[in-house]
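1. My questions concern the predicted model and sequence given below.
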Amino acid sequence: MKVDKLLEQVYEPILPSLHKVEEEIVNRLSIDYDFPLKKYVSMGKRLRPASLLFMARAYTGLERGAIILATAIELIHASSLIHDDIVDEAQFRRDNLALNYRFGNSVAVLAGDFVFSRAIMATNELRNPDIMDVFLSSVLVMVEGEFLEEILKFEDRLKEDFYYKVIYKKTASLFEASFKLGALWRGMNSEVQETARKLGYNFGMAYQIIDDCEDLFSDTDSDISLEKITLPVIGALINSSNHHEISLDMELEELKRFVIENDGYEYALGKAKVFLDNGIKLLEKLPDRDVVENLENFYNYLNYKREEVLKGVLDASSA
């Protein structure tokens, strides 16, 4: 698990449970050979399992069902990243060589399938058809998102509604499942489960928008080189009213300048704030005050990240 100090503070109520999740991940990814799969999966921030644990009030690390579910959610996420890197021909994942780049596509495909299978087996141990239904439905939506992103024509990639559709399927759907599964495991009624799902939707949508802004503003290769146009670019195009001002062969610095000059980051981060505000409003519908407080801190962490990216953009604009 790789978290900053602020996120570690947010995680404090569920740290015993998150440590149990880490142990489960290590145990379930053990193989009879020296291969760095466990190390690769151990590098995430654990936002998705944390979502489930907060919603499930899994604070002590003794909530076996919630620990298994949280582990399965993280393993599904990890398997999707492995397959993403293969499709994108990525060289790096979290500052390390991607599995496909280091070992080749064949090994990476099998590694992704292995992690995916472990996730399904973990969920099946609970012998709960309602949980399995939510879990598998989210997996299906995620795969649909991957497929949609690959087949979209370039002109459709420039449309905001398609962007939202893709990030919902690829990212927010698993956050939806994480929040809802936490409520379901606790035996909450259908109304609370639906509120939990909506909380996950808003959190996931905001998270991906902020992440896309952060990626484009950083010094890493731009997603546009992979024909993956994100919301700050779309926002800049909307503000400029000229879709011919970008092309797939643009240099990263040229693209960033275009986005800054046309307030693309402000546009995208403003949309992220709408999702965050919508999610925070939903918290009042939850029956447990400790859950409300913990999830409010979780949302505030994401809003802090949003503000940090925006501050960096504004500083760069005035430089």
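-> Happy to help now that I have it. For clarity, every value in this text was computed on a predicted model and none was experimentally measured. Numbering: from 1, shown residues only.
2. So which bits of stretch 309-319 are buried?
-> By neighbour count on 16 or more other C-beta atoms under 10 Å, the buried set for stretch 309-319 is Val309, Leu310, Val313. Bear in mind the C-beta positions are built from the backbone N, C-alpha and C, glycine included.
3. Throw these into JSON lines and include pLDDT, thanks.
-> Listed next are these as JSON lines, based on pLDDT from 0 to 100:
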{"residue": "Val309", "pLDDT": "94"}
{"residue": "Leu310", "pLDDT": "93"}
{"residue": "Val313", "pLDDT": "88"}
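4. In helices, which of those appear?
-> The helices, defined by DSSP state H, take in Val309, Leu310, Val313 from these.
5. For burial, what's the neighbour tally of Asn189?
-> For Asn189, the tally of surrounding residues (other C-beta atoms under 10 Å) stands at 9.
6. From Ala196, how far out is it?
-> Per C-beta to C-beta, to the nearest Å, Asn189 is found 11 Å from Ala196.
7. tell me how far stretch 291-310 is from the chain's mean position?
-> 15 Å (C-alpha atoms, centre = their mean, to the nearest Å).
8. Where does the most centrally placed residue in the chain sit: helix, strand or coil?
-> Residue closest to the mean C-alpha point of the chain, counted by C-alpha atoms, centre = their mean, is Thr171 at 4.9 Å. With DSSP: H, G, I helix; E, B strand; the rest coil as the basis, Thr171 sits in helix.
9. quick revisit: including distance to Phe114, could the buried residues of stretch 309-319 go into CSV?
-> Formatted as CSV, these follow (distance: C-beta to C-beta, whole Å):
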residue, distance to Phe114
Val309, 35
Leu310, 40
Val313, 40
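10. quick check, nearest of those to Asp88?
-> Distance to Asp88 across these (C-beta to C-beta) is lowest for Val309, with 22.2 Å.
11. who's in contact with that closest one?
-> Val309 sits next to Ile210, Cys213, Glu214, Phe217, Tyr265, Leu269 when contact means C-beta atoms under 8 Å, 6 or more residues apart in numbering.
12. One more pass at 7 Å, please.
-> Ile210, Cys213, Glu214, Phe217, Leu269 (C-beta atoms under 7 Å, 6 or more residues apart in numbering).
13. tell me the contacts of Ile238?
-> Ile238 makes contact with Tyr267, according to C-beta under 7 Å, 6+ apart.
14. Quickly note the distance from it to Phe275.
-> Separation of Ile238 from Phe275 (C-beta to C-beta): 18 Å.
15. quick one on the thing from earlier: which one among the buried residues of stretch 309-319 gets closest to Ser137?
-> Relative to Ser137, the closest of the buried residues of stretch 309-319 is Val309; by C-beta to C-beta it sits at 31.7 Å.
16. Quick check: the closest one vs Ser317, distance?
-> Per C-beta to C-beta, Val309 is found 13 Å from Ser317.
17. How about Leu37?
-> In terms of C-beta to C-beta, Leu37 sits 42 Å off from Ser317.
18. Serialize the contacts of Val309 to TSV and add fields for pLDDT.
-> Listed next are the contacts of Val309 as TSV, based on pLDDT from 0 to 100:
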residue	pLDDT
Ile210	97
Cys213	94
Glu214	92
Phe217	81
Leu269	98
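19. quick one: which of those residues is most hemmed in?
-> In those, the most neighbours by other C-beta under 10 Å go to Cys213, 28 neighbours.
20. What are the neighbouring residues in contact with that one?
-> Residues near Cys213 by C-beta under 7 Å, 6+ apart: Pro232, Tyr265, Ala268, Leu269, Val309.
21. now Phe135
-> Phe135 is in contact with Ala72, Thr123, Ala177, Leu181, counting by C-beta under 7 Å, 6+ apart.
22. Look at the third one and report its pLDDT.
-> This points to Ala177. If you check Ala177, the pLDDT there is 98.
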